[in-house]
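**Student:** Provide a 3D model corresponding to the input given below.
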Amino acid sequence: MEDPKSLIDKLNTTGLHFAYPLPSSRTNEFDLVRGVLHILQGFSSTLFYWDRIGQCYRAKDGLYLTHLSQTSLRMVLDQFICSATCLKLVEIRILKTQDSSSPPTLTAFATSVSAWLAKLRDLASKEEVKINTGTAPTILGLASSLTSLCSGAEYLMQIVNGAIPKEYIEGDTRVSSAEMAVHILNHLYERLNDACLVQGGEEDSYRMLLYIFVGCLLPYIEVLDSWIFEGILDDPFEEMFFYANKAIAIDEAEFWEKSYLLRSTQQKKLGMAQVTQRNISVPSKIKGQTERDLVVCPLFFKDIAKEIISAGKSLQLIQHVPILSTSSALVGRHYDTKRCVTQLSLSEIFCLTLTALIGHGDHMSQFFWQNDKIVSATESCLGASYSEKIWYKFLFDGMPVKRECVDLNGENVISFEPLVSSFCPENPTITVCQKLLQANTDDWNSLNLSNNYILPPLNDEELRKAIFDGTTSKGTNYACGFPFGDAENVHSQHSIKVVEALFPFPTVLPSFKEDLLISELLPFQKNSTLVSKVLSWIQTVEPKSTPLPVVILRECLTFYVKKQVDNIGSQILSKLLRDWKLMDELGVLRDVYLLGSGDLLQHFLEVVFKKLDKGESWDDDFELNTVLQESIRNSADGILLSSPDSLVVSLTKMDGQQTSTSSSFVVSSPRKARAQISRINDLDSLKFTYKVSWPLELIANAEALNKYNQVMNFLLRIKRAKFVLDKARRWMWKERGTTTVNRKHRWLVEQKLLHFVDAFHQYVMDRVYHSAWSELCEGMAAAGSLDEVIQVHEAYLLSIQRQCFVVPDKLWALIASRINSILGLALDLYSVQRTLSSGGTVSAIKARCHKEVDRIDKQFDDCMAFLLRVLSFKLNVGQFPHLADLVTRINYNNFYMSDTGNLITAPASDSLKFKLAKTLSV
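**Tutor:** So this is what the prediction gives:
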């Protein structure tokens, strides 16, 4: 327990609060008020000083007022000192961020904060003017009049500390431009969302946040403007949520997927999203995070980020691909040269719509977007009801006015009106003095160089008479060419006109006003004049409403972005379907890979099938392509291809683990016969490559062609199975003279296999070739962008893959294995029939063949039983309706399975054989 302090110690440490100071120690209240106003403006005074070590303002000791106690005075001064310290710390932090290499969003944040800082300090400056004009100042009156300044200073400090972390200022952590921009915008967005529900008298905090948020958002909008309206990513500081992959050219097949990529986060530091460098791999997702959460993108753009990227890429495609149709128009902003000057930019539209929303509660988005574009100033014709509104004045007072130069005298003279009414970078004085010159057109002649370049005439008539004895009476006139000849006089006048055109009005000087805005000084500049006027207006306006930031962005920004994205989507779809003939190209792929053309590959397949039957070599790519080209040239559907060599075939190396799904039939025959044995998947090594025209290659890319090849390989298995079964049937018809039990059994097995193959082939043609194509056409008609077109095409590929059971899925793999087994059994039966037809009269060979037929029959029944159980399962049928169609076809008239899902007879039973025989006899 500490010893209690004595009265002397308390007096020495804390002073006597109610003691009356000596007259010499009293502080002049006028000096105290002026000192307070000085520190609020960022200066030191005789009574207050800046503590560099403590980073705060401090009052000097010995400040006393007669009408206030020390405690009361200290409380009042602490309030001002705290506010002045906040303003000074904001100034110091902002100065540390201002650098020539600072990214635009950070620079805009520093500029906006500096402007609001100056606005707060102007309040103190105005109070100082009042006390200097004779108003008696009091410290308590000052505390009452500067309440908004004190509250605003503390709130501004909180905004700056939240938007720019201390670690970034001190350089402890390296932060990229993108993550800094996203952090600033997200922080301001969240703070504005909290401040929108303000009470009476708290509008200053909302107005402050709105001003800073709009100022920081403008650089982002300008980059977005050039991207979605011109297809140009003008982002040298890499602040946007996506970046360009310069390794991918626009005419490459990977352009759409890899040319422009989203920025992804790497880790979390300082509460800011860290962006991965391009050479750093993205780590695995944290539990609960999605791909959307890992993108470095402002909160209000995440939902439409991919659509924005797609819109710019679509514009680049439209601009890059040669225009095939004269009716095709470019989607960009500059529809013609007359409108590009007055066309409103996205930043200007954002500011105008924001002004209408918070100033008058008007929703003007539908007005500013007409005929699938942002209106220009010349098209903005409204009624008189809008003429008194501030956004209307911003729109028409700030827009450039075109003037035509008319030569009333018809002489070849230089007109200064275009120079006066436009931006003149070579002569800044004319630019600044435009309003002055336009208001005093009568004085132009007196300011012209040509009227003042030549010396005035001399009054020397009497002198000349005395010298020349009265022979001449005219005085000296330099305008008449003296002392030049005619040629020199003409050349001198021409030089004067040229200098006059380059430097008109050389003697005019601009007049400046204090605190004059650049937008008021210079003529209209795009993305500058109107925007700066709106920002200045936000600083002083009393908002009619304080809408949520989500409402502001939806009404003033994302509405136009989505409209332009939709407009570009409709334009790219028009290009795809009309000029670039997308559906015709997909129809060619359908005819080639889905074997829709009747005879395009007929000759080629017959040659390959015969080589397989004879056991001949067919691994020569050149020979295969020669046969393929011959087949295309001799086909009636050869005109489908742009050229015969646009479709080529190659042999790929088969996986060593890929074997036949059914055991091949081998009889005791010579080695030559064994060489003829082939498998049902031998044709899987064939890979057809079709050269898709660019830019349709972006949709039907290499990955899509691989999927087409998978479906085609499956269809070739069916086609080959049908080919060998038809050939085996022809051999069987030659045996009609002999009727034995074994022959009937072999005939029944062939009929079962042929029915399955025919039914499955018909299912494929109905479901894959026709139904899936109809769904594709419907999806293309409903698509709204190139991304949706690609999604529709991928869904089409997935659909035909599922219906052909070639998707990498466990269920589909089980079904495909049984189907491939049945198709392989067709080859086994063909091998048996070939052996018998080629002279298999030896009893041992016949016995072996009959046993092989029994095995084929039993294995077919087992496969059918499995297929019907799996395909008829209610859950599978519910998820994939096409399975029910397949069951109906292969189980025609409930031959194998009843309606209740029960197998009618056991596989390979005698009763089933009797039923088949009875059916065949009928």
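**Student:** make it CA atoms for all contacts and neighbour counts henceforth
**Tutor:** Will do.
**Student:** ok, Ser114 - how many residues close by?
**Tutor:** 18 (other Cα atoms under 10 Å).
**Student:** Next up, the contacts around it.
**Tutor:** Contacts were defined as Cα atoms under 8 Å, 6 or more residues apart in numbering; by that measure Ser114 touches 91, 94.
**Student:** Can you name the helix or strand that it falls in?
**Tutor:** helix 104-132 (DSSP states H and E).
**Student:** which strands and helices sit next to the helix or strand following that helix?
**Tutor:** Sequence order places helix 139-145 as the next helix or strand after helix 104-132, per DSSP H and E. Where contact means 3 or more Cα pairs under 8 Å, 6 or more residues apart in numbering; DSSP states H and E, helix 139-145 is packed against helix 29-40, helix 70-97.
**Student:** Would you mind saying which of those lies nearest Ser492?
**Tutor:** Closest approach to Ser492 among those is made by helix 70-97 (54.0 Å; Cα to Cα).
**Student:** How confident was the prediction at Arg403?
**Tutor:** For Arg403, the pLDDT comes out at 29.
**Student:** buried sites along the top helix by length along the chain?
**Tutor:** Taking DSSP state H as the criterion, the chain has its longest helix at helix 702-733. Applying a neighbour-count criterion of 16 or more other Cα atoms under 10 Å, one finds 702, 704-705, 707-725, 728-729, 731-732 buried in helix 702-733.
**Student:** do the same with stretch 258-268
**Tutor:** Buried residues in stretch 258-268, counted by 16+ other Cα under 10 Å: 258-260, 262-266.
**Student:** any idea of the mean pLDDT in stretch 369-389?
**Tutor:** What stretch 369-389 shows for mean pLDDT is 61.
**Student:** ah, wrong one, I meant stretch 212-221
**Tutor:** 94.
**Student:** separation between the residue of the chain most remote from its centre and Leu463?
**Tutor:** Distance from the centre of the chain peaks at Asp469, with 90.6 Å (Cα atoms, centre = their mean). Distance of Asp469 to Leu463, computed by Cα to Cα, to the nearest Å: 10 Å.
**Student:** Lys497 too?
**Tutor:** Distance from Lys497 to Leu463, by Cα to Cα: 33 Å.
**Student:** Which one's more surrounded, the two?
**Tutor:** Lys497 (17 against 13).
**Student:** where in the stretch 551-700 of the chain is pLDDT low?
**Tutor:** 598, 654-678 (pLDDT under 70).
**Student:** how about the helices of it, start to end?
**Tutor:** All helices of the stretch 551-700 of the chain, identified by DSSP state H, counting those that start in this stretch, fall at 559-574, 582-593, 602-614, 621-633, 671-675.
**Student:** Dump the host helix or strand of Lys313 to CSV, restricted to CA.
**Tutor:** For Lys313, the host element (DSSP H and E) is helix 305-320. C-alpha atoms of helix 305-320 as CSV (Å, rounded to 0.1, in the frame of the first residue of the first chain):
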residue,chain,number,x,y,z
ALA,A,305,-16.3,-10.6,-62.9
LYS,A,306,-16.3,-13.4,-65.4
GLU,A,307,-18.9,-11.7,-67.6
ILE,A,308,-16.8,-8.5,-67.7
ILE,A,309,-13.7,-10.4,-68.8
SER,A,310,-15.8,-12.3,-71.5
ALA,A,311,-17.2,-9.0,-72.8
GLY,A,312,-13.7,-7.5,-73.5
LYS,A,313,-12.5,-10.7,-75.1
SER,A,314,-15.6,-10.8,-77.3
LEU,A,315,-14.9,-7.2,-78.4
GLN,A,316,-11.3,-8.2,-79.3
LEU,A,317,-12.6,-11.1,-81.4
ILE,A,318,-15.1,-8.9,-83.2
GLN,A,319,-12.4,-6.4,-84.0
HIS,A,320,-9.8,-8.9,-85.0
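**Student:** For the stretch 101-250 of the chain, give me the ranges with low pLDDT.
**Tutor:** Short version for the stretch 101-250 of the chain, where the test is pLDDT under 70: 170-173, 198-202.
**Student:** for it, what spans make up the helices?
**Tutor:** 104-132, 139-145, 147-163, 166-170, 177-195, 203-230.
**Student:** which residues are contacting the fifth one?
**Tutor:** Taking contacts as Cα under 8 Å, 6+ apart, the residues outside helix 177-195 that touch it are 103, 105-106, 159, 162-164, 205-206, 209-210, 212-213, 216-217, 237-241, 272-275, 296-299, 548-549.
**Student:** Residues touching the helix or strand in which His761 is found, excluding its own?
**Tutor:** Counting by DSSP H and E, the element that carries His761 is helix 741-763. For helix 741-763, the external contacting residues (Cα under 8 Å, 6+ apart) are 718, 721-722, 725, 729, 732, 822-823, 825-826, 829, 850, 853, 856-857, 860, 885-886, 889-890, 913, 916-917, 920.
**Student:** Name only those of these that count as buried.
**Tutor:** Among these, the ones that count as buried by 16+ other Cα under 10 Å are 718, 721-722, 725, 729, 732, 822-823, 825-826, 829, 850, 853, 856-857, 860, 885-886, 889-890, 913, 916.
**Student:** Just confirm Asp99 is within a strand.
**Tutor:** No. Secondary structure of Asp99 (DSSP: H, G, I helix; E, B strand; the rest coil): coil, not part of a strand.
**Student:** Next one: it relative to Arg93, how far apart?
**Tutor:** Going from Asp99 to Arg93 by Cα to Cα gives 12 Å.
**Student:** next one: Ser101
**Tutor:** Separation of Ser101 from Arg93 (Cα to Cα): 16 Å.
**Student:** Between these two, which is the more surrounded one?
**Tutor:** Arg93 (18 against 9).
**Student:** Do I have it right that that one meets Ile169?
**Tutor:** Yes. The criterion here is Cα atoms under 8 Å, and Arg93 meets it with Ile169 at 7.4 Å.
**Student:** Check the offset of stretch 541-551 from the chain's centre.
**Tutor:** Mean C-alpha position of stretch 541-551 versus that of the full chain (Cα atoms, centre = their mean, to the nearest Å) differs by 28 Å.
**Student:** residue contacts, Leu117?
**Tutor:** Per Cα under 8 Å, 6+ apart, neighbours of Leu117: 87, 91, 153.
**Student:** what residue is smack in the middle of this structure?
**Tutor:** Most central in the chain (Cα atoms, centre = their mean) works out to Ile309, at 1.8 Å.
**Student:** Show me the beta-bridge partners of the residue nearest to it when sequence neighbours are not counted.
**Tutor:** Once flanking residues are discounted, Ile309 sits nearest to Tyr260: 7.2 Å by Cα to Cα, 6 or more residues apart in numbering. Taking DSSP bridges, one finds Ala244 as the beta-bridge partners of Tyr260.
**Student:** how about Tyr260, what does it touch?
**Tutor:** 242-245, 309.
**Student:** now swap in Ser597 and tell me
**Tutor:** Counting by Cα under 8 Å, 6+ apart, Ser597 makes contact with 591, 637.
**Student:** give me that answer again for 6 Å
**Tutor:** Asp591 (Cα atoms under 6 Å, 6 or more residues apart in numbering).
**Student:** tally of neighbours for His491?
**Tutor:** Neighbour count of His491, defined by other Cα under 10 Å: 10.
**Student:** From here on, call the first residue 351.
**Tutor:** Got it, first residue is 351 now, which makes that one His841.
**Student:** which stretch of helix or strand covers it?
**Tutor:** helix 836-852.
**Student:** next one: that helix to chain centre, how far?
**Tutor:** 56 Å.
**Student:** Stretch 410-418 too?
**Tutor:** 63 Å.
**Student:** residues of that stretch that come out buried?
**Tutor:** Counting neighbours by 16+ other Cα under 10 Å, stretch 410-418 gives 413-415 as buried.
**Student:** same check, this time on stretch 915-929
**Tutor:** Going by 16+ other Cα under 10 Å, stretch 915-929 has these buried residues: 915-923, 925-926.
**Student:** Restricting to C-alpha, output that stretch in CSV.
**Tutor:** Extracted C-alpha coordinates of stretch 915-929, given in CSV (Å, rounded to 0.1, in the frame of the first residue of the first chain):
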residue,chain,number,x,y,z
VAL,A,915,-22.1,-7.0,-71.5
ASP,A,916,-25.5,-8.2,-72.8
ASN,A,917,-25.1,-6.0,-75.8
ILE,A,918,-21.7,-7.4,-76.6
GLY,A,919,-23.1,-10.9,-76.0
SER,A,920,-25.8,-10.4,-78.6
GLN,A,921,-23.3,-9.1,-81.1
ILE,A,922,-20.9,-11.9,-80.7
LEU,A,923,-23.8,-14.4,-81.0
SER,A,924,-24.9,-12.7,-84.2
LYS,A,925,-21.3,-13.1,-85.5
LEU,A,926,-21.1,-16.7,-84.5
LEU,A,927,-24.4,-17.8,-85.9
ARG,A,928,-24.5,-15.6,-89.1
ASP,A,929,-21.1,-14.5,-90.2
